[in-house]
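Participant: Coordinates only, no sequence provided:
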Ligand code: PMP
């Protein structure tokens, strides 16, 4: 596929690789790359939105900080500072010509073809950094943001943090996510919710989870093997601004069924209401009023029409 063809698929025609933009079809790796065999990658998912002022990347610095921390946990030396990574992301989005897109920075253990090593030990392998961008619509479907999704509790358990640290957004964690997602899809659901190793509610295969009980927003704490989501953090802050009480605490599976409202948060899923869990209707079986209120505020901030809580700057314009 030529670089020209990819633009018709709404994929950025150039990928940032170790400091330079290269054609999309040259962004390839050798089959003996360490990450392919041993899962040694960390990555980010970031969205850029179009609003009246231009194309804005949502919470870019926070994402790059998490990427650097994910790499640190796995002892991967990234050659770039947070500022350089942010600059690279802006450059890649600008270069793509896409008005709105999803950004995928990925850092992984590569292969030095002049001195190849094939063992588990990652230390001899070089660390490569890439950023690709593409136009990604609604992750759980166009209707999902309003109508909500049907989900199940997964038979797969999320990994305990002393086996695979949930704080790191590592590619290998997504083998567990794939088990959750495949089981859900094959059983006719949009998504699955995993419990942690103690049986408490954890998160979706690629989303954090919130439940509302009597007007209080409740979400599992970071000690429940969740990824500390940037959308989760945004929602907690927005709820605070809106005067909605927020609590981080463990949630038992059965409590989910009786919640007034439940929703997912994530960069890809944004704020997606959950209308049923294990075929039990949640609330009225549609987006609840507090979910809508938080969703509206979230999209107003992204649209540049509302200030982020405490006057923070959550939007980085690329032009
Ligand atoms: N949990 C998991 C497992 C995820 O993959 C994601 C998506 N990155 C999230 C939660 C939500 O995180 P964020 O809001 O930072 O995208």
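Facilitator: Yep, it's here. The model shown is predicted, which means the values in this text are computed figures rather than measured ones.
Participant: Surely residue 53 touches residue 302?
Facilitator: No - the pair residue 53 and residue 302 fails to qualify as a contact (Cβ atoms under 8 Å) at a distance of 11.4 Å. To be clear about C-beta, it is placed using only N, CA and C from the backbone, and glycine gets the same treatment.
Participant: out of the two, which sits in the busier spot?
Facilitator: A count of neighbours by other Cβ atoms under 10 Å puts residue 302 above the other of residue 53 and residue 302, at 20 against 11.
Participant: separation between the more buried one and the ligand?
Facilitator: For residue 302, the distance to the ligand equals 13 Å [Cβ to the nearest ligand atom, to the nearest Å].
Participant: Skipping its backbone neighbours, what lies nearest residue 259 in space?
Facilitator: Residue nearest to residue 259 in three dimensions, not counting chain neighbours: residue 211, with 4.0 Å by Cβ to Cβ, 6 or more residues apart in numbering.
Participant: Does the one you found belong to a helix, a strand or coil?
Facilitator: strand (DSSP: H, G, I helix; E, B strand; the rest coil).
Participant: pretty sure it contacts residue 257?
Facilitator: No - using Cβ under 8 Å, residue 211 is not in contact with residue 257; the gap is 9.9 Å.
Participant: okay, these two: which has more neighbours?
Facilitator: Neighbour tally, residue 211 and residue 257, criterion other Cβ under 10 Å: the higher count belongs to residue 211, 24 against 16.
Participant: Identify the bridge partners of that one.
Facilitator: residue 218, residue 262 (DSSP bridges).
Participant: Can you give me every residue that contacts it?
Facilitator: By Cβ atoms under 8 Å, 6 or more residues apart in numbering, the contact set of residue 211 is 201, 217-219, 251, 255-256, 259, 261-262.
Participant: Export those residues to TSV and append columns for pLDDT and neighbour count.
Facilitator: Formatted as TSV, the contacts of residue 211 follow (pLDDT from 0 to 100; neighbours: other Cβ atoms under 10 Å):
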residue	pLDDT	neighbour count
201	97	26
217	98	24
218	98	21
219	98	24
251	97	24
255	97	14
256	97	20
259	98	20
261	98	25
262	98	26
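Participant: Nearest to residue 65 among the residues you listed?
Facilitator: The closest of the contacts of residue 211 to residue 65 turns out to be residue 219 (Cβ to Cβ; 20.7 Å).
Participant: pLDDT wise, what is the residue nearest to residue 259 at?
Facilitator: Confidence at residue 211, expressed as pLDDT, is 98.
Participant: what does residue 91 give?
Facilitator: The model reports residue 91 with a pLDDT of 98.
Participant: what's in contact with whichever strand or helix holds it?
Facilitator: Using DSSP states H and E, residue 91 sits in helix 82-96. For helix 82-96, contacts defined as Cβ under 8 Å, 6+ apart pick out 12-16, 19, 21, 46, 48, 55, 57, 60-61, 64-65, 67-68, 78, 80, 101, 103, 105, 129, 131-133, 316, 318-319.
Participant: Next, see if the next helix or strand after that helix gets close to the ligand.
Facilitator: Using DSSP H and E, the helix or strand that follows helix 82-96 towards the C-terminus is strand 101-109. No - using Cβ under 6 Å from any ligand atom, strand 101-109 stays clear of the ligand, with a minimum separation of 10.5 Å.
Participant: Could you check the helix or strand just after strand 101-109 and say which residues are buried?
Facilitator: Proceeding N to C from strand 101-109, the next assigned helix or strand is strand 127-134, under DSSP H and E. Within strand 127-134, the residues that count as buried by 16 or more other Cβ atoms under 10 Å are 127-134.
Participant: TSV for those, including pLDDT?
Facilitator: Output for these, formatted as TSV (pLDDT from 0 to 100):
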residue	pLDDT
127	98
128	98
129	98
130	98
131	98
132	98
133	98
134	96
